[in-house]
Each structure stands twice: as C-alpha cells, then as structure tokens.
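1. Fold the following and give me the result.
(one chain, ligands or ions: 1)
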Amino acid sequence: MKKLLLLVAFALVGTLSAGENAEKTLVLPAPAKTGGLPLNEALANRHSSRDFAAGKEFTLQQLSDLLWAASGINREDGRMTAPTASNSQEIDLYVALPAGVYFYNRAGNTLDLLVAGDVRKATGGQPFVGQGTVEIILVADLDKLKGADAQRRDMAYIDSGYVSQNLYLFAASANLNSVVRAWVPREALAQTLGLNANQIITVVQTVGFPK
Ligand SMILES: Cc1cc2nc3c(=O)[nH]c(=O)nc-3n(C[C@H](O)[C@H](O)[C@H](O)COP(=O)(O)O)c2cc1C
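-> Take a look at the predicted model:
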C-alpha cells in the first residue's frame, strides 16, 4: 500500500512538473509546402500502424508540417488543406504533447496551451497510446455548423475523415507511423479538455516514429 501511494505521488509530481514547464505558446516555423513523396507513393504507403518508438519527440518543424497537412491554411482566403461543409471549419485540433495539450491556432501558426501536463495516455485504452507519440484530438464545434443536430454531427464526422486521411498521407510521406482511433474515452477526455456540450470529440489520431 505504502509503495502504491509513493508511486501515485511520484506520478503526480512528474505530471505537475511537466505542466509547470509547459510553454504557454509554441510559435511554429512556417510549414514546408513542397517536398515529400509523390502522391501515388504516399497512397501506396498509407496504412495504420500501432508500433511506435518510445522516447522520441517531434521538432517544432515536424509539428508544423504535420498540422498544416492535417488542416492548415493553404489559401489566402483562409481555406484549408482539408475541406469542411460550407467552409464551416468546425474541426479543431487539440494536440497532446508531453508538456500539455495545445490548441492548433492555424491562422497564427502557433500552439496555444490549454491543459498543462501529459494527458496522452488518457486519450485511449490501447497499450501504444501516448508512448512516444503525439495524440491529435479532433474536436468538432457543432455551433459552427448549420442544420439539425443529426445533420451537424454527420458533417462533423465526415469532415474529421478528411483531416484523418491527410494525417495518414503525411505520415506515409514522412516515414512516420499513425493510426486513427474512434475507441476513445470521450466523456473523461472532454472533461479534461474543458469542452462544452456542443464540442464533440470525433476521433483521436496517434502519430509517432516507427520502432
Ligand atoms: C473510423 C475509424 C475508427 C478506427 N478506430 C480505431 C481504434 O479505435 N483503434 C485502432 O487501433 N484502430 C482504429 N482504426 C484503424 C482501423 O482498424 C484500420 O484503418 C483498419 O484495420 C484498416 O487498416 P489500414 O488503415 O492499415 O488500411 C479505425 C479506423 C477508422 C477509419
């Protein structure tokens, strides 16, 4: 029992100190908009993988490239690499890193701290989750969509699919591993992220380095 309490205390201190050190804003370098594999080769390589190397971290450049591919701005009028119904742009990317969960501010090209501490493991129950990975939580803000409730949910899930496939193709091109996950503890995670009732977690995508 004593051992268990010590372990819990140790884990908490670890989490808090990671949180205390979390930068409030990570300014991302401009994303690379050229290079990568030819599209057909990326398509040929696209696959789900649940094998990730532990203890490796993404550079800010890699994060910038990854998030831009997912749903960054690719035109002067603010439209994105991923389409959304009526250009609603309702899919926000919450990026779980070792130091905390950051909001991808695509217009400013920054990551803005939302929750300090490492919550990556809390984004899923599968053993590979949060082990040397970045967990990208797709949060649909239903208030940004028009129509009846069911229709807005349909659009949110369809729009999430494009973001997910962009991440898969980027991973295939950049020699990273990735898997999209619908098996997510949505209620607990929504609480951790402080979401309101109209912000729904659609999927989480794990991205990391191959073993
Ligand atoms: C909507 C959706 C939900 C998924 N949820 C999970 C999941 O919770 N956990 C997991 O390990 N894989 C998940 N996957 C990955 C699928 O298992 C995988 O795409 C499928 O086996 C086909 O393999 P491939 O992606 O390599 O073609 C999901 C895929 C999709 C499209």
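2. Pull the contacting residues for the residue nearest the centre of the chain.
-> In the chain, the C-alpha nearest the mean C-alpha coordinate belongs to residue 136, at 1.2 Å (C-alpha atoms, centre = their mean). Contacts for residue 136 (C-beta atoms under 8 Å, 6 or more residues apart in numbering) come out as 67, 70, 93, 94, 95, 96, 167, 204, 205, 206, 207. (C-beta placed from N, C-alpha, C; glycine too.)
3. isn't the fourth one right up against residue 100?
-> Right, residue 94. No - contact criterion C-beta atoms under 8 Å: residue 94 and residue 100 do not qualify, at 10.4 Å.
4. Please enumerate the shared neighbours of the two.
-> Common neighbours of residue 94 and residue 100 (C-beta under 8 Å, 6+ apart) are residue 114.
5. Specify which member of the contacts of residue 136 is nearest to residue 176.
-> residue 207 (5.6 Å; C-beta to C-beta).
6. my read is that closest one is in a strand, agree?
-> Yes - according to DSSP: H, G, I helix; E, B strand; the rest coil, residue 207 belongs to a strand.
7. OK, contacts around it?
-> Applying C-beta under 8 Å, 6+ apart to residue 207 gives the contacts 66, 133, 134, 136, 167, 171, 176, 177, 178.
8. Residues in a beta bridge with it, which ones?
-> Note on residue 207: beta-bridge partners residue 134, residue 178, judged by DSSP bridges.
9. just residue 116 next, same as before
-> Under the criterion used here (DSSP bridges), residue 116 is bridged to residue 100.
10. Surely it and residue 102 touch.
-> No - with contact defined as C-beta under 8 Å, residue 116 does not reach residue 102; the gap is 10.1 Å.
11. roughly how far out does the longest helix that the chain contains sit from the chain middle?
-> In the chain, taking DSSP state H as the definition, the longest helix is helix 149-173. Relative to the mean C-alpha coordinate of its chain, helix 149-173 is positioned 12 Å out (C-alpha atoms, centre = their mean, to the nearest Å).
12. I appreciate the help and will end here.
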